[in-house]
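Novice: Sequence first, predicted coordinates after that:
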Amino acid sequence: MSTTVPPEIEEHTRTLRALLHRWGYAYYVLDAPEVSDAIYDQHYRELVDLESRYPELVSPDSPTRRVGERPASAFVSVTHRVPMFSLENAFSQAELEKWGERLLRAIGPGLEFICELKIDGSATALSYEDGVLVRGATRGDGVEGEEITQNLRTIRAIPLKLLGGEVPAVLEVRGEAFIPRDEFERINQERQAAGEKLFANPRNACAGTLRQLDSRVVASRRLGFFAYTAHYGRAESQWEALAELESHGFRVNPHRSLCRDLAEVRTFCEHWENHRHELPYDTDGVVVKVNAFDHQREVGFTSKFPRWAIAFKYPAEEKSTVVEAIAVQV
Ligand SMILES: CC(C)(C)c1nc(N2CCN(c3ncccn3)CC2)c2cc(C(N)=O)c(N)nc2n1
């Protein structure tokens, strides 16, 4: 209990923070706003005002603490608590089937797969202690990454504090930060107007943004985040782990499917290869994983990647280039 803050002010600040957390979660994670932007902003400004009048009220998980005050000078290298593995690639259904058949021989009839869209952004690692975000890092080489906590805190879809009653003491979350296509276009128009070099694609724009030393630049851009891994959670399968991540307030990509056999995996891959352009963000394939964690442990890892996961990559698209256009004119 702080001494100088009147109890009704302390109570009101707590209420404001809880409201802004819930409204932010509804807007950025559920895509289902509960109040108008004006109402949200009015309450946000009131909290900023209270926290400036009573600095002892500020806590690191306050919604007002998303944007860092001063630019970092350089990034610090950090070692991931759990290494971030690479993924084997399959460039055809035949290669995917070969991978699946091998697993079927190893595990047997109880084998289940889960298919997730492969978001084309930047893999990132988030560390939570007692439910509070304490560190965020780039994937780096999988063992070491760059500490970019300040930048990741500005992504509204990343909870500063885990929701849900019982939170584990330590939760390591992995996910893909990304920039939606329309936001990518807007950023490039901004750069064009400023005479700066354009980003080639949303993935490069995302990686370049997360490497910004000034988190206010990151906060000025609409980055998204989809969580896909939880270490030290209670789940017994990837399907459950994704539900657990949602229960803690993370945004998890909704286009996922539990597949009983390779025919269902193939259907999912073919569907999204044809419909992926209807999504507002880039995907470059489907990540197929063995669902049950005890089956994953049974097959383990090669020296480079898990045997229990593979990235089915969509065939590269022929980008219509200017040369082709000129050829057509001729
Ligand atoms: C946990 C495992 C290793 C199975 C895993 N690894 C992933 N990736 C590893 C390789 N990565 C990588 N990135 C850069 C350089 C080398 N590898 C990029 C992330 C996943 C990426 C996505 C996604 N993009 O949507 C996803 N839904 N699930 C993933 N699951």
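Specialist: Nice, thanks for sending it over. All figures in this text were calculated on a predicted structure; none of them were measured in a lab.
Novice: Can you pull out the low-pLDDT segments for the stretch 201-330 of the chain?
Specialist: 319-330 (pLDDT under 70).
Novice: The ligand contacts on that one?
Specialist: Proximity of the stretch 201-330 of the chain to the ligand (CB under 6 Å from any ligand atom) is limited to residues 228-229, 287, 289, 306, 309. Placement of C-beta: from N, CA and C, glycine included.
Novice: mind running it again at 8 Å?
Specialist: Contacts of the stretch 201-330 of the chain with the ligand, taken as CB under 8 Å from any ligand atom, map to 226, 228-229, 253, 283, 287, 289, 305-306, 308-309, 311.
Novice: tell me which element residue 208 is part of?
Specialist: helix 202-210 (DSSP states H and E).
Novice: Show me what secondary structure element comes after that helix.
Specialist: Helix 202-210 is succeeded, C-terminally, by helix 215-219 (DSSP H and E).
Novice: Send me the next helix or strand after that next one as CSV with only the CA atoms.
Specialist: Next along the chain after helix 215-219, taking DSSP H and E as the criterion, comes strand 224-231. Presented in CSV, the C-alpha positions along strand 224-231 are these (Å, rounded to 0.1, in the frame of the first residue of the first chain):
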residue,chain,number,x,y,z
GLY,A,224,0.6,-8.2,-35.4
PHE,A,225,1.6,-11.3,-33.5
PHE,A,226,0.5,-15.0,-33.6
ALA,A,227,1.7,-17.2,-30.8
TYR,A,228,2.4,-20.9,-31.7
THR,A,229,4.5,-22.5,-28.9
ALA,A,230,4.2,-22.5,-25.1
HIS,A,231,7.0,-24.1,-23.1
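Novice: quick one: contacts of strand 224-231?
Specialist: 81-82, 116, 119, 121, 124, 152, 155, 157-158, 171-180, 241-242, 244-245, 248, 250-253, 281, 287 (CB atoms under 8 Å, 6 or more residues apart in numbering).
Novice: how many degrees apart are that strand and helix 202-210 in direction?
Specialist: 80 degrees (axes from the mean of the first three to the mean of the last three CA atoms, to 10 degrees).
Novice: Tell me which helix or strand comes right after strand 224-231.
Specialist: helix 238-247.
Novice: Buried ones in that next one, by neighbour count?
Specialist: Across helix 238-247, burial judged by 16 or more other CB atoms under 10 Å covers 238-242, 244-246.
Novice: Can you give the domain ranges for the protein?
Specialist: 7-65, 87-317 (automatic domain parsing).
Novice: Find the one among the ones you listed with the highest mean neighbour count.
Specialist: domain 87-317 (a mean of 18; mean count of other CB atoms under 10 Å).
Novice: The contacts of strand 224-231 in helices, which ones?
Specialist: Among these, the members falling in helices (DSSP state H) are 152, 241-242, 244-245.
Novice: Helices along the stretch 51-200 of the chain, start to end?
Specialist: Here the stretch 51-200 of the chain has its helices, by DSSP state H, counting those that start in this stretch, at 93-107, 149-153, 181-193.
Novice: Next, see if the second one gets close to the ligand.
Specialist: If I follow you right, that is helix 149-153. No - on the criterion CB under 8 Å from any ligand atom, helix 149-153 is out of touch with the ligand, staying 15.6 Å away.
Novice: and the angle for the helix holding residue 208 with helix 181-193?
Specialist: Interaxial angle of helix 202-210 relative to helix 181-193 (the same axes, to 10 degrees): 70 degrees.
Novice: starting at the chain centroid, how far to stretch 263-272?
Specialist: Put simply, stretch 263-272 sits 23 Å off its chain's centre (CA atoms, centre = their mean, to the nearest Å).
Novice: if you average pLDDT over the lengthiest helix in the chain, what comes out?
Specialist: If each helix of the chain is counted by residues according to DSSP H, the longest one is helix 7-28. For helix 7-28, mean pLDDT rounds to 92.
Novice: That one: how far from the chain's middle?
Specialist: So, by CA atoms, centre = their mean, the centroid of helix 7-28 is 24 Å from its chain's centroid.
Novice: Make residue 1 into 23 and carry on from there
Specialist: Right, with 23 as the first residue, what we last looked at is helix 29-50.
Novice: from what I can see residue 335 touches residue 110, true?
Specialist: No - with contact defined as CB atoms under 8 Å, residue 335 and residue 110 do not form a contacting pair (10.6 Å).
Novice: measure residue 182 to residue 110 for me?
Specialist: 34 Å (CB to CB, to the nearest Å).
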